[in-house]
Structures are given as structure tokens and as C-alpha cells.
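1. kindly return the folded structure for what I paste below:
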Amino acid sequence: MDAKVKAGIWVSMAIRLSDMAGRPAAVLRKGDPDSGGILAVLRGRDGVVVLSQARDAEGRPAWLRGTGPAPVEEEVATAYVDRQVKRDPDLWVVEFEAPDLMPPFEARLI
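-> Numbering: from 1, shown residues only. Okay, here's the model as predicted:
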């Protein structure tokens, strides 16, 4: 069984890793500091991708491209985030500059 890292600590770590990589990051919305879920908004040259926390088939932490496999326009990403926040008001929303649309933190994408 994996130990779950508190959301607020994970967000701080991800922002620090992004900063170390020379990629600006910002918390757009604070959620529950202990058990809130996280949406990672990746801003790239070709558009925006929103990653949502998930679990893979073996139950390991992973990330799902919530907005689909291809980058989307800002309005589409914003609408996705708004829908998710309506469903789960404890969500964190963290934005990362990601020219290559890859997260600046370790992530298994499914």
C-alpha cells in the first residue's frame, strides 16, 4: 500500500521542482491541504493540457490527460477545470509553464 502524501505538501514539492527546472508555476486554486485532489494545468507552445490524478490498473498513482490526448485551447481547459471543481470543491489547481507539455514533476501518464 502506498503512503499518501498530503495535497498541500505535494503542491509545494511540484512548484519547487518546476522552479528548479526554470519553469514558472502558480497555485490557481487552493483545495483541501490534507486530502484534496490535484489538477495540473500545463501551458505549452501548442496549447493547454490538464492532468488529473488517477490510479492505474494496479492501483498505483498516475495522471490522466483530462482534456484528451491533444492540447486544447484555453477556453476548453478552463471549462474542464470549472466542471471538476464543481464536482469536487476540495481540488487544487496548479498551473505550470511547460513548453513541451510535459509535467516538471515525476508522473506516470495513462
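
2. show me what counts as buried in the helix or strand containing Leu42.
-> Secondary structure assignment for Leu42, by DSSP states H and E: strand 38-44. Within strand 38-44, the residues scored as buried using 16 or more other Cβ atoms under 10 Å are 38-43. All C-beta atoms are positioned from the backbone trio N, CA, C, and that covers glycine.

3. excluding chain neighbours, what is closest to the residue nearest the centre of the chain?
-> Closest residue to the average C-alpha location of the chain: Ala40 at 1.6 Å, with Cα atoms, centre = their mean. In space, and not counting its chain neighbours, Ala40 is closest to Leu51: 4.2 Å by Cβ to Cβ, 6 or more residues apart in numbering.

4. from memory Gly108 sits against Ala62, does it?
-> If you look again at residue 108, you'll see it is Arg, not Gly. Yes - the pair Arg108 / Ala62 is scored as a contact, 4.4 Å apart, by Cβ atoms under 8 Å.

5. who has more neighbours, the two?
-> Using other Cβ atoms under 10 Å as the criterion, Arg108 and Ala62 rank with Ala62 on top: 17 against 10.

6. what pairs with the more buried one across the strands?
-> Here Ala62 shows beta-bridge partners Ala54, assigned using DSSP bridges.
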